[in-house]
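> test case, fold it:
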Amino acid sequence: MGLMLLGAGSAGLAFQALLVYRRLVVQRLRAVEKAKRAAVRSERRRRTQTQRMEERSERARAAAAETARREKQAHDRQKQAANETIEAEVKTAREAELLDYALQLHRQSHTELAISTADIFSNLGWHVSVPDSEAPFELELTRQQDGGEPLRHLVRCVPPDRTAAITDLRALESWREHERAAQAYLVSMRGFDEVVVQAVRLDTMKITLVEAHLLALWARAEELPHTKAQRHNQEY
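The predicted structure is shown next:
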């Protein structure tokens, strides 16, 4: 009887111990699972924070780039405006200088005009001479060409107290043809009669009409712009 009770008691203790063990195992598994879930949440928070930081950093870089772009655009606009202002001032100064020189030409006497015209062509690289001492207002221009005959042009200065008439044009053209000159220039500070302008436009005369402004432009040029002078005949 005693042995039976002892055996029953041992079995009860073993069962209790098993229950306790199983409870501990369950608790440990739950703790491990809880720790895993906590680790997952922590990793998720870390990734979220990292992503947010990266997004903030990207937005900051984009904002900095946009600010830099706008600042560069503003700087470029300011620089362009400054350059345009400088160019406008230089252009205005040049135009004022040309106008002043053209007015000086307007105020010159016939002799002074012929001298100024000769100086201008001389500075452009032409050899200037007066073929007839009795006609000091008619100039001959020559320039040596490579391997050929010298290039010859003629100039006639109209008295500054009147406009150039058709007789001036015909006399110059007749002189040019007689001398077989390649080009001739009719210089007049008072302009040209309409019939002169029409004759040069419609005819094949190799004559350029030169007024004060064009002569002032040539005074600032480095060489004689023949094509521009010929266009001037067509647009005068």
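
> what about the strands in this structure?
127-129, 138-143, 151-157, 183-187, 207-210 (DSSP state E).

> to residue 45, which of these lies closest?
Nearest to residue 45 among these is strand 207-210 (88.1 Å), distances taken as Cβ to Cβ. Where C-beta positions appear, they are placed from N, C-alpha and C, glycine not excepted.

> picking that back up, tell me which of the strands of the chain sits nearest to residue 18.
Among the strands of the chain, strand 207-210 sits nearest to residue 18 (Cβ to Cβ), with 126.1 Å.

> run me through the strand neighbours of that closest one, direction for each.
strand 183-187 (parallel) (DSSP bridges).

> show me the contact partners of the partner strand.
113, 117, 153-158, 164, 168-169, 172-173, 175-176, 192, 196, 206-211, 215, 226, 229 (Cβ atoms under 8 Å, 6 or more residues apart in numbering).

> generate a ChimeraX selection restricted to the buried subset of the residues you listed.
In ChimeraX, a selection of the buried entries from the contacts of strand 183-187 looks like this (16 or more other Cβ atoms under 10 Å):
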select :113,117,153,154,155,156,157,158,164,168,169,172,173,175,176,192,196,206,207,208,209,210,211,215,229
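
> want to try CSV for the strands of the chain, with distance to residue 60 and mean pLDDT as columns?
What follows is those, written out as CSV (distance: least, Cβ to Cβ, whole Å; pLDDT from 0 to 100):
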stretch, distance to residue 60, mean pLDDT
strand 127-129, 73, 94
strand 138-143, 69, 94
strand 151-157, 71, 95
strand 183-187, 70, 96
strand 207-210, 67, 95
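
> I'd like the average pLDDT over the longest helix along the chain.
The longest helix of the chain (DSSP state H) is helix 2-107. Helix 2-107 carries an average pLDDT of 77.

> other SSEs contacting it?
If you count contacts as 3 or more Cβ pairs under 8 Å, 6 or more residues apart in numbering; DSSP states H and E, helix 2-107 packs onto helix 212-219.

> domain assignment for the protein?
With automatic domain parsing as the criterion, the domains of the chain are listed as 23-107, 110-235.

> deepest in the core, which of those domains is it.
Most buried of the domains of the chain, by mean neighbour count (mean count of other Cβ atoms under 10 Å): domain 110-235, with a mean of 16.

> could you work out the end-to-end span of stretch 119-129 for me?
Distance across stretch 119-129, first residue to last, is 11 Å (Cα to Cα, to the nearest Å).

> what does stretch 184-202 give?
Its start and end residues considered, stretch 184-202 measures 16 Å (Cα to Cα).

> distance from that stretch to the middle of the chain?
Centroid displacement of stretch 184-202 relative to its chain, using Cα atoms, centre = their mean, to the nearest Å, is 37 Å.

> check contacts around the closest residue in space to residue 139 that isn't next to it in sequence.
Leaving aside its chain neighbours, residue 139 sits nearest to residue 155 (4.0 Å; criterion: Cβ to Cβ, 6 or more residues apart in numbering). When contacts are counted by Cβ under 8 Å, 6+ apart, residue 155 touches 117, 121, 138-141, 184-185, 187.
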